[in-house]
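Q: quick one, fold the following:
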Amino acid sequence: MTGRLQEFNEQSARLAAQVHRSLVRVESGRWGAGAGTIWHSDGLILTNSHVARSRQLRISLPDGRQASARLLARSRDLDLAALTVELSDLPTIELGDSEKLQSGNWVMAFGHPWGVEGAATAGIVIGQGAQMQGRPAFGHNWLAVGLHYRPGHSGGPLVDSAGRLVGINTLMVGPDVGLAVPVHEVKRFLKDSLQRATV
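A: Residues are numbered from 1 along each chain as shown. Sure thing, here's the model as predicted:
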């Protein structure tokens, strides 16, 4: 049993180190700071709309680099925002399949809770769907997870047991219950936003 626990710990540490490379800090002036997830190596970053509330946004990378960020698209309904920075060759996270997640699946959330840089929090999937007791119907799916989001988790990546991105951390709805935007909703948001920008 001790050997299996040690192996699990080592695997979790490797997964965390891999994900940290794609986790950024998003500073929003007087609104404070949150997290962001590198979506594309050419400078596309996803975060929450409530994180990107300032006109002067800056991101900090794990390697120490900093850059000004520009808002590309925003959805207050989904609480998502797409940012762009003039940097390239950024490390990204492999995308997972959020629609295949089941209750009980193990997940990890990354962010900067209470200013702790690159922190990891583990839990399990509770369920997902547009209708959740005590929450209004937003017209899209939420991913409910049994872990404790804290200020600074917002906009960071939620990953599955293989380190694949399955959601964007968003908000708390109760003790040790958090909601994330599933990655398939994020894809739809980006597709719709790019189509509108093209038109």
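
Q: could I get the buried residue list for whichever helix in the chain runs longest?
A: Longest helix in the chain by number of residues (criterion: DSSP state H): helix 2-20. Neighbour counts over helix 2-20 (16 or more other Cβ atoms under 10 Å) mark 12, 15, 16, 19, 20 as buried. Bear in mind the C-beta positions are built from the backbone N, C-alpha and C, glycine included.

Q: other residues contacting the helix or strand of the chain with the lowest mean pLDDT?
A: Of all the helices and strands that make up the chain, helix 183-198 has the lowest average by mean pLDDT, DSSP states H and E, namely a mean of 85. Residues outside helix 183-198 that contact it (Cβ atoms under 8 Å, 6 or more residues apart in numbering): 39, 46, 72-73, 75, 78, 80, 82, 95-99, 140-141, 165-168.

Q: any idea how far residue 121 is from residue 74?
A: 26 Å (Cβ to Cβ, to the nearest Å).

Q: just to revisit the earlier point, who are the packing partners of the longest helix of the chain?
A: Packed against helix 2-20 by the contact rule (3 or more Cβ pairs under 8 Å, 6 or more residues apart in numbering; DSSP states H and E) you find strand 106-111, strand 119-129, strand 157-159.

Q: ok, of these, where does mean pLDDT dip lowest?
A: Across the helices and strands packed on helix 2-20, the stretch with the lowest average pLDDT is strand 119-129; it has a mean of 91.

Q: state the mean pLDDT of the next helix or strand after that strand.
A: For strand 119-129, the following helix or strand on the C-terminal side (DSSP states H and E) is strand 142-146. Confidence for strand 142-146, expressed as mean pLDDT, is 93.

Q: okay, the angle between strand 142-146 and strand 106-111?
A: Going by axes from the mean of the first three to the mean of the last three Cα atoms, to 10 degrees, strand 142-146 is angled at 100 degrees with respect to strand 106-111.

Q: domain-wise, how is the chain divided?
A: 2-85, 98-187 (automatic domain parsing).

Q: tabulate those (a markdown table), appending distance to residue 194.
A: What follows is these, written out as a markdown table (distance: least, Cβ to Cβ, whole Å):
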| stretch | distance to residue 194 |
| --- | --- |
| domain 2-85 | 8 |
| domain 98-187 | 11 |
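
Q: hey, least reliable of the ones you listed by pLDDT?
A: Taking the average pLDDT of each of those, the minimum falls on domain 98-187, with a mean of 88.

Q: now do the same for the closest residue to residue 21 other than its chain neighbours: helix, strand or coil?
A: Counting by Cβ to Cβ, 6 or more residues apart in numbering, residue 21 lies nearest to residue 91, which is 4.1 Å off, once chain neighbours are set aside. For residue 91, the secondary structure call by DSSP: H, G, I helix; E, B strand; the rest coil comes out as coil.

Q: based on its surroundings, how many neighbours for residue 91?
A: Counted with other Cβ atoms under 10 Å, the neighbours of residue 91 add up to 15.

Q: isn't it right up against residue 41?
A: Yes - between residue 91 and residue 41 there is a contact at 7.4 Å, judged by Cβ atoms under 8 Å.
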